[in-house]
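Participant: Curious how this folds, go ahead:
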Amino acid sequence: MLEFLGQFLASATRVTRANEARRTDFTRQVKDEHAAVLAAIEASDAGAARRAAARHMVNAARRIRLAGQEFWRAEGDALAESIKPRVKAVS
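Facilitator: Below is the predicted model:
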């Protein structure tokens with residue numbers, strides 16, 4: 001099950017990294033968010049680590065919403081192809 005879910009996480013990560021690499025402010029935010037998660041783990045503070053990880057996920061979604069049409073027309077759409085929902089016709 002983890003392997004199945006991991007393939008979608010890997011694809012989603014490629015999309016977010018491509019978007020974040022286009023803007024230095026996004027890159028700095030991601031580094032700061034990762035540092036907050038690591039600091040909480042190193043402090044053995046599970047609650048803080050959970051909150052920092054959740055904040056990072058919310059912010060990653062926000063950064064994707066801010067990507068703009070130019071990102072999706074360029075590499076974003078191609079990168080997201082593997083995580084787009086597939087609808088199968090039912091007969």
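Participant: CA atoms for contacts and neighbours, from now on please.
Facilitator: Fine.
Participant: which stretches of this protein have low pLDDT?
Facilitator: Where the chain drops to pLDDT under 70, the residues are 72, 74-91.
Participant: what kind of secondary structure is the residue lying closest to E33 once chain neighbours are set aside in?
Facilitator: Excluding the flanking residues, the one nearest E33 by CA to CA, 6 or more residues apart in numbering is H56, at 5.8 Å. Under DSSP: H, G, I helix; E, B strand; the rest coil, H56 falls in the helix class.
Participant: how close does H56 get to M1?
Facilitator: 24 Å (CA to CA, to the nearest Å).
Participant: which one of these two has more residues nearby?
Facilitator: Comparing H56 with M1 by neighbour count (other CA atoms under 10 Å), the higher total belongs to H56, at 19 against 5.
Participant: any idea how far that one lies from L38?
Facilitator: From H56 over to L38 the distance is 12 Å, taken as CA to CA.
Participant: This structure: helices as residue ranges?
Facilitator: Using DSSP state H, the helices of the chain run over 2-21, 24-42, 46-65, 69-71, 77-80.
Participant: From the rest of the structure, what touches the third one?
Facilitator: Helix 46-65 is contacted from outside by 16, 19-20, 26, 30, 33-34, 36-41, using CA atoms under 8 Å, 6 or more residues apart in numbering.
Participant: and with 10 Å instead?
Facilitator: 13, 15-17, 19-20, 26, 29-30, 32-43, 66-67, 71-72, 76 (CA atoms under 10 Å, 6 or more residues apart in numbering).
Participant: ok, of those, which come out buried?
Facilitator: 15-17, 19-20, 26, 29-30, 33, 36-37, 40-41, 67, 71-72, 76 (16 or more other CA atoms under 10 Å).
Participant: follow-up on the earlier one: where's the residue nearest to E33 relative to R73, distance?
Facilitator: In terms of CA to CA, H56 sits 25 Å off from R73.
Participant: F4 too?
Facilitator: Relative to R73, and taking CA to CA, F4 is found at 28 Å.
Participant: Burial check on T24, number of neighbours?
Facilitator: Counted with other CA under 10 Å, the neighbours of T24 add up to 10.
Participant: residues contacting it?
Facilitator: When the contact criterion is CA under 10 Å, 6+ apart, the partners of T24 are V30.
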